[in-house]
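J.: I would like to see how this sequence folds:
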Amino acid sequence: METVITQQELQEAITASIADPLIKELTVTLQSGYILVSGTRERLNDPTKMDTLSFRLDLGVSNGQLTSTISDMQFDGFTVEQNRLDLWNITIANKIANLGSKNPNSTLKSVTVTPEAVTMVWTAST
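T.: Prediction:
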């Protein structure tokens, strides 16, 4: 079976996955083969200042499960801790997989990112 996830659904899933109340105006742009995520983040100690952030998000399949890999993280010269990126990767993969999986006994076979949508192909087992 096949599931198509729209840009808007992805944007909502990624925003919820990051779960940072200081991040504003998060935008998800579908590219050929990957997802570009960008936005602004209010500074914790100075709400009048905003930092820009962006990263590349690649989706893949490992052992029938969706994987998410953040790379090219840009955050106004600040470093984002690897443990935070690891957590975001896990949470993003889980939220997107939940959008795509309509059957709890299904295995993900492939995921394709195009400028129009993310397509996930599943094999259902009984």
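J.: quick one: residues in contact with the longest helix anywhere in the chain.
T.: Counting by DSSP state H, the longest helix found in the chain is helix 82-100. Residues from elsewhere that reach helix 82-100 (CB atoms under 8 Å, 6 or more residues apart in numbering): 3, 5, 9-10, 13-14, 16-19, 57, 59, 65-70, 73, 108, 118, 120, 122. Bear in mind the C-beta positions are built from the backbone N, C-alpha and C, glycine included.
J.: roughly how far is it from the heart of the chain?
T.: Relative to the centre of its chain, helix 82-100 is centred 7 Å away, using CA atoms, centre = their mean, to the nearest Å.
J.: one step back: the contacts of helix 82-100 in helices, which ones?
T.: Among these, the members falling in helices are 9-10, 13-14, 16-18 (criterion: DSSP H).
J.: most neighbours among the residues you listed, which one is it?
T.: Within these, most neighbours by other CB atoms under 10 Å means residue 10, with 24 neighbours.
J.: for this protein, just list every one of the strands.
T.: Per DSSP state E, the chain carries strands over the ranges 2-5, 23-30, 35-43, 46-62, 65-74, 106-113, 118-124.
J.: using a markdown table, please lay out the ones you listed together with mean neighbour count, mean pLDDT and distance to residue 96.
T.: Shown next, in a markdown table, are the strands of the chain (neighbours: other CB atoms under 10 Å; pLDDT from 0 to 100; distance: least, CB to CB, whole Å):
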| stretch | mean neighbour count | mean pLDDT | distance to residue 96 |
| --- | --- | --- | --- |
| strand 2-5 | 16 | 91 | 7 |
| strand 23-30 | 15 | 90 | 11 |
| strand 35-43 | 18 | 91 | 10 |
| strand 46-62 | 14 | 91 | 7 |
| strand 65-74 | 16 | 92 | 6 |
| strand 106-113 | 17 | 92 | 9 |
| strand 118-124 | 17 | 90 | 7 |
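J.: could the ones you listed be laid out in JSON lines, adding distance to residue 91?
T.: Shown next, in JSON lines, are the strands of the chain (distance: least, CB to CB, whole Å):
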{"stretch": "strand 2-5", "distance to residue 91": "16"}
{"stretch": "strand 23-30", "distance to residue 91": "14"}
{"stretch": "strand 35-43", "distance to residue 91": "13"}
{"stretch": "strand 46-62", "distance to residue 91": "12"}
{"stretch": "strand 65-74", "distance to residue 91": "8"}
{"stretch": "strand 106-113", "distance to residue 91": "17"}
{"stretch": "strand 118-124", "distance to residue 91": "16"}
